[in-house]
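Novice: Got a predicted model here, sequence first, then my questions.
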Amino acid sequence: MTATHIRAAGAAALIVLLASPARAQVTRLEITSRQPAGDGRFETIRGRIHGELDPANPHNRIIQDIDLAPRNASGKVEYVATFALTRPIARVSSSGVLVYSVVNRGNGASSPSPEGHMSLVSGWQGDVTPTETNQTIRVPVAHNVDGSSITGPVLARFFDLPKGTTTASIRIGSLGTAFYTPVALDTSKAALTFHTSETNDGRIGGEGRVASSDWAFADCRTVPFPGTPDPTRVCLKNGFNTDKLYDLVYTAKDPLVLGVGLAATRDIVSFFRYADADAAGTPNPIAKMVNRSVAIGVSQSGNFLRTFVSLGFNADLGGRFVWDGILPYIAGRQTPIDFRFAIPGGAAGLYEPGSEPTLTWSRYTDAARGRRTPASLLDRCNESRTCPKVIEAFGATEFWALRMTPDLIGTDEKMDVPLPGNVRRYYMPGTTHGGGPGGFEVSQPPNDRCQLASNPNPMSDTLRALTTALIDWVVRDVFPPPSRYPTLAAGTLAPATAQAIGFPTIADLHPVQANPLLDYDLGPRFGYADMTGEIDRQPPIVKGAIPAYAVRVDADGNEVAGVASPLHQAPLGTYLGWNLQASGFFKGQLCGFTGGYVPFAKTLADRLRSGDPRPSIEERYGTLDGYVCRVTKAADVLVRDRLLLTDDRDRIVAAAAKSHVLPAGAESSPELRAIAAKACQ
């Protein structure tokens, strides 16, 4: 072989080596459908990604039990994930930006983008049941080296079942989709306990245990107790008592290797971003179209983004960026996905992991929970130099119900934890989880589960502006607006109690107890630093509770820090990040993730009749013209600050003008017109 041949062969090998990381893990791209999308300038491609992971690769070693997953003839661990990709048909119409939307419990879709972005979704949560429309992934089951089943304790909870219920399905996690099969149906090897009271800081009352002879792993819906044996259900001889909460602890077998979903997402995005074709030569439909990539995750999906970056998955197998920017939205925890018998569908309920590992973007020593080494969500990506630009956005309910406090002030709650240069944070005051529908209606429909009406204060307008800001930051290096969020230093963050936040007297309304951060003892084999390993204690021991903080409020009870919507700046009532459970086992406690709303009286006469100390809408704005002026001013400032898009500003102002908040100026008295003029100053 000549020197020229040697150089050519070396160059070819180098090309293969450099190209392989993007496609090596994607063994087959299976396209099942292509359909026109939007106005016909886009198409949506659906299909499945067949991939494999090398358990020995350092990038994959952090996946719990990957070394115990079955392997193919090449010694690799296989997965199959669904995907949907929407792209501009004309390549010249593409912006070059790939926007990955993390699906939530399988739910989510790709969609056409007016800006010409490419939109991608794929399955990552291996415990989601596939349907015709959702996004799922098939991951392996781990077994012992000898092929026997791996076993371990799991916890399922039952409450607020309809009166007369004798049979309940076993599901793991408060909002979970997980189910793990019992090793045996012998109830003497499991425990079904109950209690009559429970608080979100772990205080239990009225405890008892159901005799093993009085319940069964069975279905009693058609056959009387002990019913038909069924490993997926529990039958209680005399039915479930509506005044009790039941905890079932049993030994499960065959854990899913759910952490595969993290690596699969890494490789799927890397493939569409960098590869020309899969390992078999099937072309990548957006090959050479992607210049930048960003990811958006809402709630659980935002937690997924935090976990993805924290565990080092933003570096692909070639050491390249998976995402240049991420936007974790209404997400303050990590997703509990990478430990044995994991429950990624949980939602910060009692006994649910999610806040055990690091929660801060800057390095912080969590001494309050016995962590001795400073850590941050960005440690691994800093080491690999693949840290994305981060825009984090959240609202009031995240403080009250979803344990957001330590993200801002740590677990000692003594000072604000600073943000690194690649992270921006925006707080949307007075909002429910995900925001309300917006609009300008004084009355809001009642909520079936909660005592107060649902909070209409929107977040979506701000989210659209922040998404644009993230893409501008990533593509054009245009810095986003300065962070806006409550802090201890500014005096806008305080313990989540009525007195500390300055909550006013509004009838008999008092804030509920916020959901604190709980310090769990999950057993000696649980890896707290990364939320990996195994849980040995079910239910876990609650060693202590770290109180939640919330934002200070004004005389109306409305929060005073962050990026306030035009509705919040021209309020029609008090917008709360919490609500009260109307009935059931948790009556009077937090009503899930639903914020409440207490409208103002419409007129002075109405206010005096009700004894409401808050000024009426009429006293505030005088006329509809005065109200619209206030909304317009608020919207214009948000547009100026790049926290509201112009199209959204125009829609919001038009909606205010068409509302029936107050009569128009021509229909009002001189006194009310004078108030309107002052309101517009």
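Specialist: Arrived safely, thanks for sending.
Novice: Wait, G573 touches G596, no?
Specialist: No. Between G573 and G596 there is no contact, the gap being 9.7 Å when judged by Cβ atoms under 8 Å. Placement of C-beta: from N, CA and C, glycine included.
Novice: Low-confidence regions, this structure specifically.
Specialist: Within the chain, the set of residues satisfying pLDDT under 70 comprises 1-24, 176.
Novice: Show me the residue at the heart of it, geometrically.
Specialist: Closest to where the C-alpha atoms of the chain average out (Cα atoms, centre = their mean) is S299, at 1.6 Å.
Novice: residues near the residue nearest to that one when sequence neighbours are not counted, how many?
Specialist: Ranked by Cβ to Cβ, 6 or more residues apart in numbering and with sequence neighbours excluded, the top spatial neighbour of S299 is I330, at 5.3 Å. Burial measure for I330: 28 neighbouring residues, criterion other Cβ atoms under 10 Å.
Novice: surely I330 meets E398?
Specialist: Yes. Counting by Cβ under 8 Å, I330 sits close enough to E398 to count as a contact (5.8 Å).
Novice: Can you give me the domain boundaries for this structure?
Specialist: Listed domain ranges for the chain are 151-253, 291-599 (source: automatic domain parsing).
Novice: for the last one, how far is the first residue from the last?
Specialist: Yep, that's domain 291-599 we're talking about. Counting by Cα to Cα, to the nearest Å, you get 48 Å between the two ends of domain 291-599.
Novice: Would you pull up how far that domain lies from the middle of the chain?
Specialist: Centroid displacement of domain 291-599 relative to its chain, using Cα atoms, centre = their mean, to the nearest Å, is 9 Å.
Novice: can you check the first one too?
Specialist: Once both centres are worked out by Cα atoms, centre = their mean, domain 151-253 turns out to sit 27 Å from its chain's centre.
Novice: first to last residue in it, what's the distance?
Specialist: Between the opening and closing residues of domain 151-253 we find a distance of 4 Å, counting by Cα to Cα.
Novice: same deal with stretch 170-189?
Specialist: For stretch 170-189, the first and last residues are 16 Å from each other (Cα to Cα).
Novice: And stretch 102-111, by the same measure?
Specialist: Start and end residues of stretch 102-111 are separated by 13 Å (Cα to Cα).
Novice: Over to stretch 221-234?
Specialist: Start-to-end span of stretch 221-234 (Cα to Cα) is 11 Å.
Novice: can you pull the buried residues of it?
Specialist: Burial within stretch 221-234, assessed by neighbour count using 16 or more other Cβ atoms under 10 Å, is assigned to 225-227, 230-231, 233-234.
Novice: how about the residues you listed, which pair is most distant?
Specialist: Based on Cβ to Cβ, the longest span within these runs between F225 and P231 and measures 16.8 Å.
Novice: In the stretch 201-350 of the chain, what residue spans correspond to helices?
Specialist: For the stretch 201-350 of the chain, the helices defined by DSSP state H, counting those that start in this stretch occupy 260-274, 300-310.
Novice: so can I have TSV of the ones you listed showing mean neighbour count and distance to R71?
Specialist: As requested, the helices of the stretch 201-350 of the chain are arranged in TSV below (neighbours: other Cβ atoms under 10 Å; distance: least, Cβ to Cβ, whole Å):
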stretch	mean neighbour count	distance to R71
helix 260-274	26	13
helix 300-310	27	24
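Novice: Of all these, which one is nearest V97?
Specialist: Among the helices of the stretch 201-350 of the chain, if distance is taken as Cβ to Cβ, the winner is helix 260-274, at 10.6 Å.
Novice: F308 - nearest residue in space that isn't next to it in sequence?
Specialist: Using Cβ to Cβ, 6+ apart and skipping residues adjacent in sequence, the residue nearest F308 is L262, 5.9 Å away.
Novice: residues touching that neighbour, list them.
Specialist: Going by Cβ atoms under 8 Å, 6 or more residues apart in numbering, L262 touches 63, 124, 307-308, 311, 313, 337-338.
Novice: Equivalent analysis for A635, please.
Specialist: Counting by Cβ under 8 Å, 6+ apart, A635 makes contact with 566, 644, 649, 652-653.
Novice: Most neighbours of all those, which one?
Specialist: Neighbour max across the contacts of A635 (other Cβ under 10 Å) = P566, 26 neighbours.
Novice: Many thanks, have a good one.
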